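1. Sequence first, then the predicted structure, then my questions.
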Amino acid sequence: MPDQSTDIHKRKLRMGMVGGGEGAFIGAVHRKAALMDGQIELVCGAFDEVPERARAFGAKVFIDPARSYGTYQEMAEAEAALPAESRMDFVTVVTPNHVHFPVAKTFLDAGFHVVCEKPMTVSLQQALDLREIVKNSGKVFVLTHNYTGYPMAKQAKAMVAEGEIGEVKKIIVEYPQDWLLTRLELEGVRQAVWRTDPKQSGPAGCLGDIGSHCANLVHYITGLEIEELCADLTIFAPGRLLDDDVNVLIHYVGGARGIFHASQISAGEENNLKIRVYGAKASLYWAQEHPNYLYVTPPGAPVQIYRRGHDYLSPLAKLATRLPPGHPEAYIESFGNIYLGAAASIRAAESGTAPQERLDHPGVEDGVRGMAFIETVIEAGRARKWTPFKIF
């Protein structure tokens with residue numbers, strides 16, 4: 001019989017993390033989400049770009065000092081040298097955007113699976129290069145567009161795929177926040193500093209940070225591909241270097257139309273991602289701040305409210321649900337569902353077993369599509385005209 005320490009179906013997956021150290025918001029979310037279902041354990045990390053801070057944070061989260069690394073390069077080399085029964089299985093990359101590509105490449109080259117924050121890279125060319133690296137490595141690559149992990153987003157996807165709302169005619173997606181209404185980057189707020197710095201964030205600010213979620217969610221629910229778009233990118237905060245407000249009109253292949261709005265200077269808004277999908281038979285409405293409800297409205301009929309946790313939902317939605325009806329599930333659970341999908345994909349890849357239904361998670365193709373979207377929007381904003389979607 002296989003040794004339980006090496007049989008990937010009889011043990012927890014061993015996770016490493018790059019980034020996500022002291023003061024990092026998203027790193028803490030990833031650690032909680034990855035561990036919540038008992039499938040994964042955190043065994044190592046390089047948690048900060050400064051080696052001393054990286055090791056100090058490793059001690060705070062009770063990582064073995066021998067596996068709390070000063071740099072991601074040191075981590076990749078050391079973990080690859082460990083015996084199979086103890087080395088990590090995959091790494092999660094939760095650094096600022098400009099480091100995603102080199103970190104992901106380093107660990108893929110070293111033979112590890114990768115879970116990566118979005119946007120995947122800082123350019124379309126990097127994204128295309130990473131896609132080729134992933135393909136050649138044979139390893140699993142998961143992109144954490146977490147809003148696809150919500151049960152009712154999955155229900156919306158299933159209803160569109162089954163034709164329950166008819167042919168999609170129009171999509172409206174909006175994501176307003178207000179946290180960058182003032183120049184927090186000048187006050188030393190770390191999350192604002194790197195997101196507004198082109199050297200760390202890449203060519204997009206609001207567009208890359210939350211606009212990429214909008215584009216991904218539309219594609220996830222509807223499957224539609226963009227044909228062309230026109231865009232208006234604005235910097236409202238004087239002296240800021242990257243966009244803090246984005247408005248886009250979209251033509252989709254097949255004739256559907258889209259309206260897209262993402263903003264980080266919308267006073268009074270917290271994290272108000274909403275999507276409306278209008279079909280020939282009915283419309284769908286889902287709001288991230290009230291995520292356990294999906295509203296379905298046929299013409300001339302009462303609004304139907306689909307609620308999380310019920311047996312009438314699609315298999316995808318039920319599989320993403322942990323609690324009975326009336327017990328809210330939300331943000332961290334959505335990340336948890338991405339990690340459950342990642343775990344299933346990694347186990348299947350390592351054992352050569354048949355894929356499972358949980359493989360419904362974003363991957364490298366979503367990352368490439370996201371960078372194509374970002375670059376096309378930037379190009380269209382500069383050109384002030386309808387611009388064909390970049391081919392990838």
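-> Perfect, I can see it now.
2. can you pull the contacts of the residue lying closest to residue 287 once chain neighbours are set aside?
-> Using Cβ to Cβ, 6 or more residues apart in numbering and skipping residues adjacent in sequence, the residue nearest residue 287 is residue 274, 4.6 Å away. Bear in mind the C-beta positions are built from the backbone N, C-alpha and C, glycine included. By Cβ atoms under 8 Å, 6 or more residues apart in numbering, residue 274 lies in contact with 173, 174, 175, 285, 286, 287, 288.
3. which residues does residue 274 bridge with?
-> Listed by DSSP bridges, the beta-bridge partners for residue 274 are residue 174, residue 287.
4. now swap in the one 4 residues further on and tell me
-> Applying DSSP bridges to residue 278 yields these beta-bridge partners: residue 170, residue 283.
5. Equivalent analysis for residue 304, please.
-> residue 296.
6. related to what we said a few turns ago, top of the contacts of residue 274 by neighbour count?
-> residue 175 (27 neighbours; other Cβ atoms under 10 Å).
7. Is it correct that it is in contact with residue 262?
-> Yes: using Cβ atoms under 8 Å, residue 175 is in contact with residue 262, at 4.5 Å.
8. Between the two, which contacts overlap?
-> 210, 211, 214.
9. Looking at the residues you listed, spot the one nearest residue 348.
-> Nearest to residue 348, judged by Cβ to Cβ, of these is residue 214 at 30.2 Å.
10. Quick one: the strands in the stretch 251-392 of the chain, in order.
-> Remark: strands assigned in the stretch 251-392 of the chain by DSSP state E, counting those that start in this stretch are 257-263, 274-279, 283-287, 293-297, 304-307, 387-388.
11. Please convert these to a markdown table, extending it with mean pLDDT.
-> Converted to a markdown table, these look like this (pLDDT from 0 to 100):
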| stretch | mean pLDDT |
| --- | --- |
| strand 257-263 | 98 |
| strand 274-279 | 98 |
| strand 283-287 | 98 |
| strand 293-297 | 98 |
| strand 304-307 | 98 |
| strand 387-388 | 98 |
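12. could those strands go into a markdown table alongside distance to residue 128?
-> Below are these laid out as a markdown table (distance: least, Cβ to Cβ, whole Å):
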| stretch | distance to residue 128 |
| --- | --- |
| strand 257-263 | 23 |
| strand 274-279 | 28 |
| strand 283-287 | 31 |
| strand 293-297 | 35 |
| strand 304-307 | 38 |
| strand 387-388 | 17 |
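13. of these, which approaches residue 162 most closely?
-> strand 274-279 (11.3 Å).
14. and that closest one, C-alpha only, in CSV?
-> C-alpha atoms of strand 274-279 as CSV (Å, rounded to 0.1, in the frame of the first residue of the first chain):
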residue,chain,number,x,y,z
LYS,A,274,-23.1,44.0,-8.9
ILE,A,275,-23.9,42.3,-12.1
ARG,A,276,-27.1,42.3,-14.2
VAL,A,277,-27.5,39.8,-17.1
TYR,A,278,-30.5,40.5,-19.4
GLY,A,279,-31.6,37.6,-21.6
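15. Quick one: work out the angle between that strand and strand 283-287.
-> Orientation of strand 274-279 against strand 283-287 (axes from the mean of the first three to the mean of the last three Cα atoms, to 10 degrees) gives an angle of 170 degrees.
16. by how many degrees do strand 274-279 and strand 257-263 diverge?
-> Put simply, strand 274-279 runs at 180 degrees to strand 257-263, going by the same axes, to 10 degrees.
17. Check the offset of strand 274-279 from the chain's centre.
-> The chain centroid and the centroid of strand 274-279 are separated by 20 Å, computed with Cα atoms, centre = their mean, to the nearest Å.
18. which parts of it are buried?
-> By neighbour count on 16 or more other Cβ atoms under 10 Å, the buried set for strand 274-279 is 274, 275, 276, 277, 278, 279.
19. re the thing from before, nearest to residue 222, out of the strands of the stretch 251-392 of the chain?
-> strand 274-279 (6.2 Å).
20. can you pick the most crowded of the shared contacts of residue 175 and residue 262?
-> Counting neighbours by other Cβ under 10 Å, residue 211 comes out on top of these with 30 neighbours.
21. these two touch, right, that residue and residue 173?
-> No: using Cβ under 8 Å, residue 211 is not in contact with residue 173; the gap is 9.5 Å.
22. rewinding a little: let me know the closest of the contacts of residue 274 to residue 380.
-> Minimum distance to residue 380 across these is 16.8 Å, recorded for residue 173 (Cβ to Cβ).
23. Now do that closest one, the pLDDT please.
-> Here, the pLDDT recorded for residue 173 equals 98.
24. do the one 5 residues further on as well
-> Residue 178 is assigned a pLDDT of 98 by the prediction.
25. what's the neighbour count on it?
-> Residue 178 has 16 neighbours, counted by other Cβ under 10 Å.
26. hang on, the earlier thing: what touches both of residue 211 and residue 173?
-> Shared contacts of residue 211 and residue 173 (Cβ under 8 Å, 6+ apart): residue 260.
27. Please list all residues in contact with the spatially most central residue of the chain.
-> What sits nearest the mean C-alpha location of the chain, by Cα atoms, centre = their mean, is residue 145, with 1.8 Å. By Cβ under 8 Å, 6+ apart, the contact list for residue 145 reads 118, 212, 213, 216, 217, 220, 338, 362, 366, 370.
28. Quick one: those residues as JSON lines, columns for distance to residue 330, neighbour count and pLDDT too.
-> Below are the contacts of residue 145 laid out as JSON lines (distance: Cβ to Cβ, whole Å; neighbours: other Cβ atoms under 10 Å; pLDDT from 0 to 100):
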{"residue": "118", "distance to residue 330": "19", "neighbour count": "22", "pLDDT": "98"}
{"residue": "212", "distance to residue 330": "20", "neighbour count": "27", "pLDDT": "98"}
{"residue": "213", "distance to residue 330": "15", "neighbour count": "22", "pLDDT": "98"}
{"residue": "216", "distance to residue 330": "18", "neighbour count": "23", "pLDDT": "98"}
{"residue": "217", "distance to residue 330": "16", "neighbour count": "24", "pLDDT": "98"}
{"residue": "220", "distance to residue 330": "18", "neighbour count": "20", "pLDDT": "98"}
{"residue": "338", "distance to residue 330": "14", "neighbour count": "25", "pLDDT": "97"}
{"residue": "362", "distance to residue 330": "19", "neighbour count": "27", "pLDDT": "97"}
{"residue": "366", "distance to residue 330": "22", "neighbour count": "22", "pLDDT": "98"}
{"residue": "370", "distance to residue 330": "23", "neighbour count": "27", "pLDDT": "98"}
